[in-house]
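Student: I'd like to go over a predicted model; first the sequence, then the structure.
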Amino acid sequence: MTLYRDEGIVLRTQKLGEADRIVTVLTRRTGRVRAAAKGVRKTRSRFGARLEPFTHVDVQFYERRSLDLITQAETLRPYGEQLVADYPRYTAGTAMLETAERLTTEEKEPALRQFLLLVGGLRTLVERGHDPRLVLDAYLLRSLSVAGWAPALDECARCGERSTLRSFAIAAGGGVCGRCRMPGSATPAPQTFVLMAALLRGDWEHADGSEPRHRVECSGLVAAYLQWHLEHHIRSLKHVEREAPKHPGSPDGGVAFLDQERV
């Protein structure tokens with residue numbers, strides 16, 4: 001039984017007994033850790049407020065046979081304080097936390113790149129320089145890439161030919177050409193493929209200048225692709241705003257969006 005210290009982002013908390021909590025933290029060096037925090041639900045708790053979701057903390061753990069124990073916690077950056085008052089950014093951040101937990105399936109398995117992506121995504125959200133849904137989609141695409149599931153966006157996922165992509169086939173691994181199109185594939189606009197590639201490589205100048213309808217298509221494809229690979233729904237995604245403003249040229253003259261569960 002030893003003490004160890006790490007910095008991390010609090011992903012989730014659960015009640016334990018009458019006054020304790022189980023806290024899930026994605027740490028820089030150790031990976032995802034679930035640990036008990038004694039007495040943090042009491043009003044006189046020394047560090048209960050520091051162990052809330054979104055908080056970037058420096059934590060000391062006491063290693064035990066079952067759940068490790070949190071013995072100290074110091075706030076490094078309280079991202080939650082800046083997100084809770086902004087619903088679009090808060091819901092985007094919540095989806096990031098849930099995705100980070102799902103993509104780090106093994107406890108105490110080092111996941112430095114996932115940790116750095118999460119910290120960068122939350123920091124970008126609170127800086128308010130980009131649309132929160134674009135920030136979320138960029139985070140999801142990059143996290144999938146780190147996990148080994150980057151979608152094909154500049155060549156056909158089936159034949160590898162660098163030609164114009166006509167469809168997006170989730171089961172095939174991304175964009176496909178006209179010859180390789182599979183039944184049930186989505187057929188997004190060419191600009192949507194360009195936007196997805198821009199988000200994956202961090203081209204914010206192009207992403208910020210994209211049209212709302214292409215952002216909505218992109219969000220639906222990214223959400224569906226993520227959940228297909230995880231084999232699990234990201235529950236918080238249903239709260240993220242996905243509708244585009246009305247466009248005179250749309251078939252119904254109103255809102256059009258891609259349902260993430262029907263792609």
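Tutor: Looks like it arrived, so ask away.
Student: C-alpha from now on. contacts and neighbour counts both.
Tutor: Fine.
Student: hey, which helix is longest across this structure?
Tutor: Counting residues, the longest helix found in the chain (DSSP state H) is helix 212-230.
Student: in that helix, what counts as buried?
Tutor: For helix 212-230, burial by neighbour count (16 or more other C-alpha atoms under 10 Å) applies to 212-226.
Student: just the closest of these to Gln191, please.
Tutor: His214 (6.6 Å; C-alpha to C-alpha).
Student: gap between the closest one and Gly184?
Tutor: From His214 across to Gly184, the span is 20 Å (C-alpha to C-alpha, to the nearest Å).
Student: show me where the stretch 151-263 of the chain has its strands.
Tutor: 167-169, 174-176 (DSSP state E, counting those that start in this stretch).
Student: tell me what the first one is packed against?
Tutor: The criterion is 3 or more C-alpha pairs under 8 Å, 6 or more residues apart in numbering; DSSP states H and E, and the helices and strands that strand 167-169 contacts are strand 174-176.
Student: any idea how far Lys15 lies from Thr24?
Tutor: Lys15 is 12 Å from Thr24, by C-alpha to C-alpha.
Student: out of those two, which sits in the busier spot?
Tutor: Each of Lys15 and Thr24 has its neighbours counted (other C-alpha atoms under 10 Å); Thr24 has more, 23 against 14.
Student: beta partners of the more buried one?
Tutor: Counting by DSSP bridges, Thr24 forms beta bridges with Arg12, Arg34.
Student: need the contact list for it.
Tutor: By C-alpha atoms under 8 Å, 6 or more residues apart in numbering, the residues touching Thr24 are 10-13, 32-35.
Student: which element is Glu101 on?
Tutor: Per DSSP states H and E, Glu101 falls inside helix 87-103.
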